[in-house]
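> Based on what follows, work out the 3D shape:
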Amino acid sequence: MHIRSTTTSTSPRTRRTGRRLLTAAAAFAALALGAGTATAAPGWTETGTARVDSLSGSQGLASRADGSLLYRGLASVPLDLRIAGWTHVGDPDIAGGYTFDAYQGGDGAKKKMYAVTAPGGKRTTYEHALDPGELLNNSFATVSPDGQWLVSGEWGTMRRLQVFPAPVLNPSAPAPGANLPQAGQITLDRSVDDIQGCDFTDATHLLCSSDGAAKEVLEVALDRALDGAPVTGRVTSAFAIPQRSICSGTFESEGVDYDAARGTLRVEMVPPSPCLVTTAVISYRRG
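Coordinates of the predicted model:
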């Protein structure tokens, strides 16, 4: 959900989601989602559903070492970054105690930005000038299990995921202020639609939430672990994300997180207006 609170011109999708959320938040802040249970396709079993305020948690989530969760939403963009033109934050990740956030600007942006927050709270930003044919969208950030590679993605129908040397953690990454270059991309064996977030389950597998027509979690199997050179990824459907609410209309799948230490997968689903003020966080375990 690329929600923005700014006077910068925005895409129809951005205006739609932002208007729906902010209007509903004012009028229906106490309205809750409907309940229900479901089981994912073989391989992942649903274990429960939590709920989070959409203004602070609908864009994505990441698990900390202690098992607590970090959320991102429209209200998560720090004022100084918003003033600088970074009006949207995507699905985050945490690696080695560092928090990685993906930021994007308005429709005329020529760069995207990654913010890395150290365990002590110091935030450092790294900008990437758009390469030819690259979209400005910056939907998520996830770091490979070895801490060396940052993966992110654009919006729309795509046959790739982008790979960068992970700032701070990868010695080949440039210092702040220098352009963060792309490394070898992940080329997918089929098109994917509207990827909102991805997270590694191991060195050669990612799970990604798609806001395409199927509203599903996809698995991407890499032909080898990331090493900075181009790799290929085979895409399969893991399961459809449940769409449950007392409100009817269009749902929007959002961030995804895999807590490797506890074997817990979580994926977010934003319900239709006016229920969209609360985002469902659905948990799964393999098997």
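
> Hmm, residue 66 and residue 94 touching each other?
No - Residue 94 sits out of contact with residue 66 when judged by C-beta atoms under 8 Å, with a separation of 10.8 Å. The C-beta positions use only the backbone N, C-alpha and C, and glycine is treated the same way.

> Quick one: mean pLDDT for stretch 279-287?
Mean pLDDT, stretch 279-287: 95.

> what comes up buried for that stretch?
For stretch 279-287, the neighbour count (16 or more other C-beta atoms under 10 Å) marks 279, 280, 281, 282, 283, 284 as buried.

> repeat for stretch 128-144
Using 16+ other C-beta under 10 Å as the test for burial, stretch 128-144 gives 128, 135, 136, 137, 138, 139, 140, 141, 142, 143, 144.

> May I see the buried residues of stretch 257-266?
Per 16+ other C-beta under 10 Å, stretch 257-266 contains these buried residues: 257, 258, 259, 264, 265, 266.

> returning to that earlier point: possible to save the buried residues of stretch 128-144 as CSV with secondary structure?
As requested, the buried residues of stretch 128-144 are exported to CSV (DSSP: H, G, I helix; E, B strand; the rest coil):
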residue, secondary structure
128, strand
135, coil
136, coil
137, coil
138, coil
139, coil
140, strand
141, coil
142, strand
143, strand
144, coil
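
> Mind checking which of residue 94 and residue 66 has more residues around it?
Between residue 94 and residue 66, residue 94 has the larger neighbour count (other C-beta atoms under 10 Å), namely 19 against 6.

> Tell me which helix or strand residue 150 sits in.
According to DSSP states H and E, residue 150 maps onto strand 149-152.

> could you say what helices and strands that strand packs with?
strand 142-143, strand 157-165 (3 or more C-beta pairs under 8 Å, 6 or more residues apart in numbering; DSSP states H and E).

> swap the cut-off to 6 Å and go again
Here strand 149-152 touches strand 157-165, going by 3 or more C-beta pairs under 6 Å, 6 or more residues apart in numbering; DSSP states H and E.

> State the mean pLDDT of the next helix or strand after the strand it packs on.
Remark: after strand 157-165, the chain's next helix or strand is strand 186-193, criterion DSSP H and E. In this model, strand 186-193 has a mean pLDDT of 98.

> List the buried residues for strand 186-193?
Quick answer for strand 186-193 (16+ other C-beta under 10 Å): 186, 188, 192.

> on that earlier part again, reformat the buried residues of stretch 279-287 into JSON lines and put secondary structure next to each item.
JSON lines is the format used below for the buried residues of stretch 279-287 (three-state DSSP):
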{"residue": "279", "secondary structure": "strand"}
{"residue": "280", "secondary structure": "strand"}
{"residue": "281", "secondary structure": "strand"}
{"residue": "282", "secondary structure": "strand"}
{"residue": "283", "secondary structure": "strand"}
{"residue": "284", "secondary structure": "strand"}
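
> In JSON lines, list those residues along with distance to residue 218.
Compiled in JSON lines, these are given as follows (distance: C-beta to C-beta, whole Å):
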{"residue": "279", "distance to residue 218": "20"}
{"residue": "280", "distance to residue 218": "19"}
{"residue": "281", "distance to residue 218": "19"}
{"residue": "282", "distance to residue 218": "16"}
{"residue": "283", "distance to residue 218": "18"}
{"residue": "284", "distance to residue 218": "14"}
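
> which one among the residues you listed gets closest to residue 150?
Minimum distance to residue 150 across these is 23.8 Å, recorded for residue 281 (C-beta to C-beta).

> rewinding a little: out of the buried residues of stretch 257-266, which is nearest to residue 172?
Minimum distance to residue 172 across the buried residues of stretch 257-266 is 25.7 Å, recorded for residue 258 (C-beta to C-beta).

> Kindly provide the distance from the closest residue to residue 270 other than its chain neighbours to residue 50.
When the adjacent residues along the chain are set aside, residue 270 lies closest to residue 252, with 4.4 Å between them (C-beta to C-beta, 6 or more residues apart in numbering). Taking C-beta to C-beta, to the nearest Å as the measure, residue 252 falls 17 Å from residue 50.
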